[in-house]
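K.L.:
Show me how the following folds:
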Amino acid sequence: MMLYRRYCPEKGGAADIKFGYMRKLLLQLHLWIGLTAGAILAFMGLMGSLYVFQPELTVALYPEHYKSSKPEAIPVDVRLVVRTAEEQFGGQVTNIFFPVRELENYIVKVKGNKQFQFFDAATGNYIGQLEKRRGVMDTVLDLHRHLAMGETGAMITRISALLLAFVLLSTGLYLWMPRKKQNLRDKLRPKPNASFKRRNFDLHNVFGFYFSVPLFLAAITGAYFGFQEQTQNVVDKLTLAGEPTPYVKALQSAPSTQGIAPLTLYQALDKMDALYPGYVKRTLVMAPDSIATLNLTYLASSELEAGPQKRPMVYLDQYTGATVYDYNPQTAPVGRQLTRNWFVPIHFGKIGGWLTRVLWFFLGMMPAMLWVTGIVMWRGRSRKSRKKGYVKVGTGATIRKI
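P.N.:
Next comes the predicted model:
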């Protein structure tokens, strides 16, 4: 009968023992959350990489819808487009998307019609329709945000983003930190002429470190889109805002005004012309029901630019035209400016122009790379534990390594 004895190395100091237990705990936390949430984050990241270049890809995929017949021409008055659309489709226009950035034409939605209707900005003529405004790129965005599973998928992606920001990155950095200063250089660069196992380890370890800050920014801004009201409340408190930011989805027209005829689309366009004259019109959305507000949005520039995206948003009472809420990107409290001016360009990589867009394209691939290399490391250690669980020492005795 084989004899087994447990082998115990010499005990280190209390600090070493504590460090060992902490490292083992965090390693298990990093491992199992990485294996599970990592699969979701890998898929989200790949979809996000595609969406970084959404403007260019959308135009390339649907040039007949997005490119004007005369790009250099001044767009016709939107009222001409509205009249043409209502006559052709027999319903009221409810949404208008103005020619900005990648879009050189007008897009409208007509009540009772689920399609997006495209009109040439140079002539006002109807040129076609799409079921989704950006076609397949809207599907990519839905996969990125909701995994094509609606609210259930949205909750999964939100939680995964939070786990990446506050668990995987923090535990990963703790595990990455060298205990001795002389080992720091090895942590900052891949080892040359290394084995496959070491190269895989370096991919996970080194690139995970260098991309940790961009990954945190992408994750935390992504979580904001999922928990917008809660995140804004926290930011308002941290920045000592005088009053909480209104939750725009809950804004309503005044109850006392209901029963009065709502503003027409043409009256709404007149209002839009009068507000923010130095900005570019972006969207106009009529109230979808009898209690909602009418929404107007603008852009500081019609081109993609680096830096904060200053997007005024105005919510009007649909009956009186009175302002219910006006977000001014220049004068809003600092907490609102932080989330609304900065979070969108940070999340989509537009904050530094083309440089960060290219970086964010590769950043989207990082969760997949970290997930795959993590699996390889885990499987390698599992095989090693099974193969080297027992070793012989002397004659007639075997010890188990721990």
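K.L.:
Lys187 looks like it's in a strand, true?
P.N.:
No - assignment of Lys187 by DSSP: H, G, I helix; E, B strand; the rest coil gives helix, placing it outside any strand.
K.L.:
The closest residue in space to it that isn't next to it in sequence: neighbour count?
P.N.:
Closest residue in space to Lys187, ignoring its immediate chain neighbours: Pro178 at 5.2 Å, by C-beta to C-beta, 6 or more residues apart in numbering. No exception for glycine: its C-beta is placed from N, CA and C like everyone else's. When neighbours are counted by other C-beta atoms under 10 Å, Pro178 registers 12.
K.L.:
Kindly report the same for the one 10 residues further on.
P.N.:
Other residues near Leu188 number 13, with proximity taken as other C-beta under 10 Å.
K.L.:
Could you do the one 4 residues further on as well?
P.N.:
If you count neighbours by other C-beta under 10 Å, Pro192 ends up with 7.
K.L.:
quick check, it in a helix?
P.N.:
No - assigned with three-state DSSP, Pro192 falls outside any helix and is coil.
K.L.:
if I look at it, how far off is Arg198?
P.N.:
Pro192 sits at a distance of 10 Å from Arg198 (criterion: C-beta to C-beta, to the nearest Å).
K.L.:
just to revisit the earlier point, for the residue nearest to Lys187, what are phi and psi?
P.N.:
Pro178 has phi and psi values of phi -70, psi 150 when expressed as degrees, to the nearest 10.
K.L.:
before we move on, what about Met286?
P.N.:
Torsion angles at Met286 (phi, psi; degrees, to the nearest 10) stand at phi -70, psi 160.
K.L.:
sec struct for the spatially closest residue to it that is not a sequence neighbour, please.
P.N.:
Leaving aside its chain neighbours, Met286 sits nearest to Thr94 (4.7 Å; criterion: C-beta to C-beta, 6+ apart). Following three-state DSSP, Thr94 is assigned to strand.
K.L.:
per-residue pLDDT, Thr94?
P.N.:
Looking at Thr94, its pLDDT reads 98.
K.L.:
Quick check: which helices or strands does the lengthiest helix in the chain pack against?
P.N.:
Criterion DSSP state H: the longest helix present in the chain is helix 14-52. In terms of contacts (3 or more C-beta pairs under 8 Å, 6 or more residues apart in numbering; DSSP states H and E), helix 14-52 is packed against helix 136-146, helix 150-163, helix 169-176, helix 354-363, helix 366-387.
K.L.:
contacting residues for the residue nearest to Met286?
P.N.:
The contact partners of Thr94, taken as C-beta atoms under 8 Å, 6 or more residues apart in numbering, are 109-111, 285-286, 288.
K.L.:
any chance of those residues in CSV, plus pLDDT and neighbour count?
P.N.:
Formatted as CSV, the contacts of Thr94 follow (pLDDT from 0 to 100; neighbours: other C-beta atoms under 10 Å):
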residue, pLDDT, neighbour count
Lys109, 98, 23
Val110, 98, 21
Lys111, 96, 14
Val285, 98, 18
Met286, 98, 21
Pro288, 95, 14
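K.L.:
Including distance to Leu299, could those residues go into TSV?
P.N.:
Shown next, in TSV, are those (distance: C-beta to C-beta, whole Å):
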residue	distance to Leu299
Lys109	20
Val110	24
Lys111	26
Val285	15
Met286	20
Pro288	23
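K.L.:
Can you tell me which of those residues lies closest to Leu173?
P.N.:
Among the contacts of Thr94, Val285 lies closest to Leu173 (C-beta to C-beta), at 42.8 Å.
K.L.:
What is the burial count for the nearest residue to that closest one once chain neighbours are set aside?
P.N.:
Counting by C-beta to C-beta, 6+ apart, the nearest residue to Val285 once its immediate chain neighbours are dropped is Asn295, at 4.4 Å. Number of residues near Asn295 (other C-beta under 10 Å) recorded here: 22.
K.L.:
which residues touch the residue nearest to the spatial centre of the chain?
P.N.:
Taking C-alpha atoms, centre = their mean, the centroid of the chain lies closest to Gly222, which sits 3.9 Å from it. Contacts here follow C-beta under 8 Å, 6+ apart; on that basis Gly222 touches 44, 157-158, 161, 347.
K.L.:
do the same with Lys111
P.N.:
Each residue near Lys111 by C-beta under 8 Å, 6+ apart is listed here: 91-94.
K.L.:
go with 10 Å
P.N.:
86, 89-95, 286, 288 (C-beta atoms under 10 Å, 6 or more residues apart in numbering).
K.L.:
Buried subset of the residues you listed, written for PyMOL?
P.N.:
This is the PyMOL syntax for the buried subset of these, where burial follows 16 or more other C-beta atoms under 10 Å:
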select buried, resi 86+89+93+94+95+286
